[in-house]
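> please find the sequence and the predicted model below.
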Number of protein chains: 2
Amino acid sequence: MYTTSYKLNVRSLNKRTSLDLIRFTPGGIARAEIARRLGLTRSAVTVIVKDLLENGLVREAENITLSGGGRPVALEIDPSRGYFAGVDIGVSHLGLLVTDFSSRVILDQELAFNLSVKPDQSLEFVHQSLVGILERSGLGFEDLHAVGIGVPGPVLEEAGAVSSPPIMPGWDLFPIRDTLEERWRLMVTLNNDAELGALGEWAFGAGRGCSHLVYIKVGSGVGAGILIDGVIYGGTLGLAGEIGHIPVREDGPGCACGNYGCLEALAGGKAIARQAREAVMKGRRTHLSRIVPPEAITAKDVVAAARLGDILAQEIVKEAGMYLGIVIANLVNLLNPSMVVVGGGVAQMGDLLLQPIRQAVQERSLKSAAKCTRITAAVLERRSTSLGAVVQAQNAVLDQIMEIA
Amino acid sequence: MYTTSYKLNVRSLNKRTSLDLIRFTPGGIARAEIARRLGLTRSAVTVIVKDLLENGLVREAENITLSGGGRPVALEIDPSRGYFAGVDIGVSHLGLLVTDFSSRVILDQELAFNLSVKPDQSLEFVHQSLVGILERSGLGFEDLHAVGIGVPGPVLEEAGAVSSPPIMPGWDLFPIRDTLEERWRLMVTLNNDAELGALGEWAFGAGRGCSHLVYIKVGSGVGAGILIDGVIYGGTLGLAGEIGHIPVREDGPGCACGNYGCLEALAGGKAIARQAREAVMKGRRTHLSRIVPPEAITAKDVVAAARLGDILAQEIVKEAGMYLGIVIANLVNLLNPSMVVVGGGVAQMGDLLLQPIRQAVQERSLKSAAKCTRITAAVLERRSTSLGAVVQAQNAVLDQIMEIA
């Protein structure tokens, strides 16, 4: 008895770690390299890989076996094992994508969306949109292993719900995960959009393999995802990363959370749009004044105008970067990350937003910590969160498969 | 070959986890409970415990076996296996203690100390003090397994040195660990004082068994230690937790790090002493004016006066609490900890310091996160760091023993 349970225990652990190496190494990885990286014997890895091949989870990469002879065979995830969907529920956009088992995107889509205070209504729209993208991919729900979902609020892990989300009024404790699981008869994983953005960038983006990664999502709101060796740091209840509600200016504008001068109220997309509208109404010279009525100006418009050289828009983006920098500098002192990845809609500005952030970290963080922290833009852009959602959904499915196998 | 390496691998993992349960469960723990907690079979635990008993690492608790019959036998660490020393190097104090193998303190001592800019000089004093306490314990260096050391600066894990420590000028990259290892011919572990304080409080203090613990050390400087399931979160280079250098008041006083208005420059012991001196020199009415010359006033004096009801001293401590609260509130939003333990010399003030911290968290953190965070004083007081240093030293020794065994 004892030997068997022991063996099962460690075998599944090593099997899972080997599988993750195969999942997250671009171009696949050879058996010998798995053995080296995990400190296992080659024969141990041979047995593990045999299992994974038999289970249909991995396959030998074709392009490499062709070369034949003594060259090592790269292993890769078998894309044909099934499909996943990733959904990024934003305040003003809905991102959806469908991937094969190797996380390759088959189809993706971004829709304008208005996060309603009535969860049922919003989730109905999510449902219809997912039905639509599945149809266009030639797939049905029965082809999916699981759906991963990101939302712009603090997620209570156990409940599968958001807790008093400042930017999602009406959603407090609504059972998002259970509602969708019941409707789709599928496994659904739910997490905060910034935490999933961190996971997406770690798995396939700017932070590939990075040990201590912080992802800052600058969308309508502002949030952070903390990742330690590819594992989301959620804190006690899963609420970690709520940097949007760190006050940075005592005399700042009111925030949706009830406080004043929060980072989100100064640097989030909603704040950026508001500042542009106010400036236009004051008669500031800017290309944004062409948008009529001024109430229609969105953060997206400001970002686009800044890219085209509009001075006012650039000023607004720079100021947002400065406030983000103040909080990120503190975060560098506190967490000593190796990388800070800035993503979300507003972050597609690139250096105009990153420059003031880098400057604040230079000025305000301890030199030794600042020196080892790279600050960079997300490379998956709008897909960071939805791809991270797929990674988390796949994690959950693999946990299940491995336990049974 | 393959089976053996597999077995060794998982066996040592489960053995180590079982041993840690025995180490950190007050009053010891029975075999059946270990099996339950780790999801192992009873027979597996029987084999593990047999190993641990044979290795002389644990023993069966006497008081419980006496009751005989069907009652389970509690296992505890065998105190006679050898000794450890823990050293807390402060800016103005040196804390030392010697423990048996079960971390029970045999003798402890606190000395006035002046952290010199010449590391050799300070380390000579540390050496002499350790020789002294060992002699009085009837022990010699040959009885020690290892010495754990805490320092008030950011520690580079690999180098065993501090990196540009604002409060330890002259110590940048000085090889503290290697110097002492060579001198004592013993294993030495080195870490930041706040990180070790977190470990001490988690193992034996206010944060026993707490999953997400943050320890704030308010001594001459201010630092934080972040602990996830008993493991120190050090960040990329081990520099995490440097909250002392988070700016909280743009127009604040200059800080040792070169910036202005850092938390440490507003709420650390040095800042508290300076504020008291300035108030006395301005003629403010306070018992502290009895200390002549005013330059001699220390943070310890301010804390003592505040305890005795001195209004000025209480004001100074409260203001420090308010600034600490601002940073701790941000930290609650970012890390969603289950507990924040406030320790260090200044924190021995209790509620006078804790009250403004609790208030700031109530006002500034997200409600859901604030609700699940307990804010409390360290219970090991001055010993948090030195006991944490012993825990870390023992971790390292056990890693070594387990690998050989």
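Sure, I can see it.
> which bits of the stretch 151-300 of chain A sit near chain B?
Proximity of the stretch 151-300 of chain A to chain B, by CB under 8 Å from any CB of the partner chain, involves residues A:154, A:156, A:163-164, A:166, A:211-212, A:224, A:226, A:228, A:233-243, A:245-247, A:257, A:259. Where C-beta positions appear, they are placed from N, C-alpha and C, glycine not excepted.
> output stretch A:147-158 as PDB - backbone C-alpha positions only.
C-alpha atoms of stretch A:147-158 as PDB (Å, rounded to 0.1, in the frame of the first residue of the first chain):
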ATOM      1  CA  VAL A 147     -13.900  28.100 -20.600                       C
ATOM      2  CA  GLY A 148     -11.600  30.500 -18.800                       C
ATOM      3  CA  ILE A 149     -13.100  33.900 -17.800                       C
ATOM      4  CA  GLY A 150     -11.500  37.100 -16.700                       C
ATOM      5  CA  VAL A 151     -13.400  40.000 -15.000                       C
ATOM      6  CA  PRO A 152     -12.300  43.500 -13.900                       C
ATOM      7  CA  GLY A 153     -12.900  43.000 -10.200                       C
ATOM      8  CA  PRO A 154     -11.500  41.200  -7.200                       C
ATOM      9  CA  VAL A 155     -12.500  37.500  -7.500                       C
ATOM     10  CA  LEU A 156     -13.200  35.300  -4.500                       C
ATOM     11  CA  GLU A 157     -11.600  32.100  -5.500                       C
ATOM     12  CA  GLU A 158     -13.900  29.700  -3.600                       C
END
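> residue A:97 belongs to a strand?
Yes. Counting by DSSP: H, G, I helix; E, B strand; the rest coil, residue A:97 is found in a strand.
> quick one: contacts for it?
Counting by CB atoms under 8 Å, 6 or more residues apart in numbering or on different chains, residue A:97 touches A:85-86, A:105-109, A:133, A:383, A:386-387, A:390.
> let me see the mean pLDDT of the helix or strand hosting residue A:332.
Per DSSP states H and E: residue A:332 is located in helix A:311-335. For helix A:311-335, the mean pLDDT works out to 96.
> quick check: buried residues in that helix?
Within helix A:311-335, the residues that count as buried by 16 or more other CB atoms under 10 Å in any protein chain shown are A:312-317, A:319-335.
> run through chain A and note the low-pLDDT ranges.
Applying pLDDT under 70 to chain A flags residues A:1-11, A:63-71, A:404-405.
> go ahead and flag the most central residue of it.
residue A:197 (1.4 Å; CA atoms, centre = their mean).
> excluding sequence neighbours, find me the nearest residue to it.
With CB to CB, 6 or more residues apart in numbering or on different chains as the criterion, residue A:197 has its nearest non-adjacent residue at 3.9 Å, and that residue is residue A:384.
> which residue ranges of the stretch 1-150 of chain A form helices?
A:2-24, A:31-38, A:42-54, A:62-65, A:119-136 (DSSP state H, counting those that start in this stretch).
> quick one, strands of the stretch 201-350 of chain A?
For the stretch 201-350 of chain A, the strands defined by DSSP state E, counting those that start in this stretch cover A:212-218, A:222-228, A:231-232, A:339-343.
> highest mean neighbour count out of these?
Mean neighbour count (mean count of other CB atoms under 10 Å in any protein chain shown) peaks for strand A:212-218 among those, with a mean of 30.
> now for that one, which elements pack on it?
Applying 3 or more CB pairs under 8 Å, 6 or more residues apart in numbering or on different chains; DSSP states H and E, one finds that strand A:212-218 contacts helix A:193-204, strand A:222-228, helix A:311-335, strand A:339-343, helix A:384-404.
> quick one: that strand to helix A:193-204, angle?
Interaxial angle, strand A:212-218 versus helix A:193-204 (axes from the mean of the first three to the mean of the last three CA atoms, to 10 degrees): 130 degrees.
> partner strands of strand A:212-218, with direction?
Strand A:212-218 sits in its sheet next to strand A:222-228 (antiparallel), strand A:339-343 (parallel), going by DSSP bridges.
> would you put the C-alpha positions of that strand in CSV?
The C-alpha trace of strand A:212-218 is given here as CSV (Å, rounded to 0.1, in the frame of the first residue of the first chain):
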residue,chain,number,x,y,z
HIS,A,212,8.7,37.2,-10.3
LEU,A,213,6.3,38.9,-12.7
VAL,A,214,3.9,41.8,-12.0
TYR,A,215,1.4,42.6,-14.7
ILE,A,216,-0.4,46.0,-14.6
LYS,A,217,-3.6,46.1,-16.5
VAL,A,218,-4.6,49.7,-17.5
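> can you classify residue A:376 by secondary structure?
Applying three-state DSSP: residue A:376 is strand.
> please name the nearest non-neighbouring residue to it.
Per CB to CB, 6+ apart, closest to residue A:376 is residue A:206, 5.2 Å.
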